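> quick one: sequence plus predicted model below, questions after.
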Amino acid sequence: MEKGIPLNDQDRIPWLCNLHDILLRDVASGQHVVLACSALKKVYRDILIRGKDGGPLKCEQMRKDKQPAEVKLLVVYLSGSFEVISGRLLKRKGHFMSPELLQSQFDTLEPPSDPENFIQINVDKNLSEIIATIMGTKIT
């Protein structure tokens, strides 16, 4: 992405599997976890929940127990128009993602939908409102 080339599924899936494993480990140790990432497609969110079994491609590292291990996940979908997000991205200094890649992100995006466990919050809200909405949501 730093070079202006969008990531593809082959690039993302091993990374998402690693995130799933980190989530499993931290939740198993009793921690409450917040993970911020752009899981743009449903299959990416499925991998975060179920690991390699959630996606069409297998991770290099297979789970030793071969048992599907799921993570309870609340997806916080921060939605906004291309114009608003582009304007914010252009104000960032030193960010790894080139503003030219934003359109590819919008093209890839599959907004969460039922039966996924998600809330949608418009990025036009102020940070306090966004946090209050998230904190007031029960994870099912």
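Done, it's in.

> residue 14 versus the most centrally placed residue in the chain, what's the distance?
Centroid-nearest residue in the chain, with CA atoms, centre = their mean: residue 39, separated by 2.9 Å. As judged by CB to CB, to the nearest Å, residue 39 and residue 14 stand 14 Å apart. All C-beta atoms are positioned from the backbone trio N, CA, C, and that covers glycine.

> what of residue 47?
10 Å.

> neighbour count: those two, which is higher?
residue 47 (26 against 16; other CB atoms under 10 Å).

> now the helices for this protein?
Using DSSP state H, the helices found in the chain span residues 9-28, 42-50, 82-91, 102-108, 127-135.

> now do the buried residues in stretch 104-111.
105, 108 (16 or more other CB atoms under 10 Å).

> hmm, who's touching that stretch?
Stretch 104-111 is contacted by residues 6, 38, 40-42, 77, 79, 82, 120 when judged by CB atoms under 8 Å, 6 or more residues apart in numbering.
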